[in-house]
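S.K.: test case, fold it:
(one chain, ligands or ions: 3)
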Amino acid sequence: MTITRHVLNEQSKYPESRGDFSILLSHIVLGCKFVCSAVNKAGLAKLIGLAGETNVQGEEQKKLDVLSNEVFVKALVSSGRTSILVSEEDEEATFVEPSKRGKYCVVFDPLDGSSNIDCGVSIGTIFGIYMIKDGGEPVLEDVLQPGKQMVAAGYCMYGSSCTFVLSTGSGVHGFTLDPSLGEFIMTHPDIKIPKKGKIYSVNEGNAKNWDGPTTKYVEKCKFPTDGSSPKSLRYIGSMVADVHRTLLYGGVFLYPGDKKSPNGKLRVLYEVFPMSFLMEQAGGQAFTGKERALDLVPIKIHERSPIFLGSYDDVEEIKALYAADQKAA
Ligand SMILES: O=P(O)(O)OC[C@H]1O[C@](O)(COP(=O)(O)O)[C@@H](O)[C@@H]1O
Ligand SMILES: [Mg+2]
Ligand SMILES: [Mg+2]
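M.R.: Numbering: from 1, shown residues only. Ligands and ions are numbered 1, 2, ... in the order given. All right, here's what the predicted structure looks like:
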């Protein structure tokens, strides 16, 4: 089962469909294949290191950040199915020229895990897809919608193998790139995250600035008082890779807010929302410390939010700690 056939099967469930979504997705897949080949030969092709520019987040852009962004913007515009693009690497949203427009908006992180590029550790691409709200002239509000309004989300992980994970709202499916065919083959049908996990994933280097509930939760992972075994810590530092492991093995990935960064680090539109959409579709949960992550209504395209996502029961424990903290306040 190739990804093309899978999407066409999904499309056949909507007799009125004209194939716009399949065409859009085939361009995203093409972009991922291109970036995958660039990542594989990054060292050889002098694609390691800095590009010499700084992005809107104040981060020094890596050469692969810039290349991946160009690849996806070109692929998405040439699909003829998009009207608005929001990229981590572009300060403003891109409004596609009228002659090339379509009914979809794509928010994306062209290269996630940039700090791991130069050492060859797994990195990825993250994307979310919205539809133009009323089918009229595209406006910024079409992408400043709650995550639950997304029609699809996914990521592509460039690791020991290249894995594409997708949800169009009816479950989560994983595909592995067969380099000899140059095609993504379904290898992980209908992914369901375990209800409870044995792994927690967080950058403990920020621990001294954490709030009470986060500190308590990580303490419980290390020193459980209910007779269960301590959880193992796993942290790669690429959200795509840490979330991919969490999706398959269970457990929880968290990037909490703290005294230094009250809204944490991860961006709502093109990191938090797509991963939360996938997590819920796989039977897990995604929480901001205040609410269900997909209920968030973004105000700015690059805004950040704390995020706790993963196995249902593990996130339920974190929600209970925040509720107790709220009550005590
Ligand atoms: O180094 P830290 O603070 O742990 O942050 C790691 C997080 O930052 C990110 O690298 C941010 O994403 P980008 O690399 O796309 O900017 C995430 O992939 C990762 O989860
Ligand atoms: Mg990222
Ligand atoms: Mg990035």
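S.K.: ok, and what's touching stretch 207-221?
M.R.: With contacts defined as CB atoms under 8 Å, 6 or more residues apart in numbering, stretch 207-221 is touched by 200, 202, 204, 230-231, 233, 254, 256-260, 289, 317-318, 321-322, 324-325. (Glycine included, C-beta is placed from N, CA and C.)
S.K.: same question for that stretch, mean pLDDT?
M.R.: Averaged across stretch 207-221, pLDDT comes to 98.
S.K.: quick check: G264 is in a helix.
M.R.: No. Under DSSP: H, G, I helix; E, B strand; the rest coil, G264 falls outside any helix and is assigned coil.
S.K.: how much space separates the residue nearest to it when sequence neighbours are not counted from K300?
M.R.: Nearest residue to G264, sequence neighbours excluded (CB to CB, 6 or more residues apart in numbering): P306, at 4.1 Å. Here P306 is placed at a distance of 16 Å from K300 (CB to CB, to the nearest Å).
S.K.: for those two, work out which one has more neighbours and name it.
M.R.: P306 (23 against 11; other CB atoms under 10 Å).
S.K.: surely the more buried one is in contact with F253?
M.R.: No. Using CB atoms under 8 Å as the test, P306 is too far from F253 to be in contact (11.9 Å).
S.K.: near ligand 3, which residues of the chain?
M.R.: 88, 109, 111-112 (CB under 5 Å from the ion).
S.K.: quick one on the thing from earlier: could I have the buried ones of the contacts of stretch 207-221 as ChimeraX selection syntax?
M.R.: To isolate in ChimeraX the members of these that are buried, counting by 16 or more other CB atoms under 10 Å, one can use:
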select :200,202,231,254,256,257,258,289,317,318,321,322
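S.K.: list the ones among the contacts of stretch 207-221 that fall in strands.
M.R.: Among the contacts of stretch 207-221, the ones falling in strands (DSSP state E) are 200, 233, 254.
S.K.: wait, what's in contact with the closest residue to the second one other than its chain neighbours?
M.R.: The spatial neighbour of L233 that comes closest, neighbours along the chain excluded (CB to CB, 6+ apart), is Y200 at 6.1 Å. Contacts of Y200 were listed using CB under 8 Å, 6+ apart, and they are 218, 221, 231-234, 251-252, 254, 314.
S.K.: in CSV, list these along with distance to I117.
M.R.: Listed next are the contacts of Y200 as CSV, based on distance: CB to CB, whole Å:
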residue, distance to I117
V218, 28
C221, 29
K231, 29
S232, 26
L233, 23
R234, 20
G251, 25
V252, 26
L254, 23
D314, 30
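S.K.: which of those residues has the largest number of neighbours?
M.R.: D314 (29 neighbours).
S.K.: ok, it touching K196?
M.R.: Yes. Counting by CB under 8 Å, D314 touches K196, with 6.0 Å between them.
S.K.: shared neighbours, those two?
M.R.: G250.
S.K.: quick one, strands of the stretch 51-200 of the chain?
M.R.: Per DSSP state E, counting those that start in this stretch, the stretch 51-200 of the chain carries strands over the ranges 60-62, 82-87, 94-95, 104-112, 123-131, 152-158, 162-167, 173-178, 183-188, 199-201.
S.K.: around ligand 2, pick out the residues from the stretch 51-200 of the chain.
M.R.: Near ligand 2, when you scan the stretch 51-200 of the chain using CB under 5 Å from the ion, you find 109, 112.
S.K.: any chance you could map the helices in the chain?
M.R.: 3-12, 20-40, 63-78, 212-222, 239-249, 273-281, 312-328 (DSSP state H).
S.K.: among those, which is nearest G154?
M.R.: Nearest to G154, of all the helices of the chain, is helix 273-281, at 6.8 Å by CB to CB.
S.K.: relative to strand 162-167, how tilted is the closest one?
M.R.: 70 degrees (axes from the mean of the first three to the mean of the last three CA atoms, to 10 degrees).
S.K.: run through the residues of the stretch 201-329 of the chain sitting next to ligand 1.
M.R.: 203, 237-239, 265 (CB under 6 Å from any ligand atom).
S.K.: neighbour count added to the residues you listed, as a markdown table?
M.R.: Formatted as a markdown table, those follow (neighbours: other CB atoms under 10 Å):
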| residue | neighbour count |
| --- | --- |
| N203 | 13 |
| G237 | 15 |
| S238 | 23 |
| M239 | 27 |
| K265 | 18 |
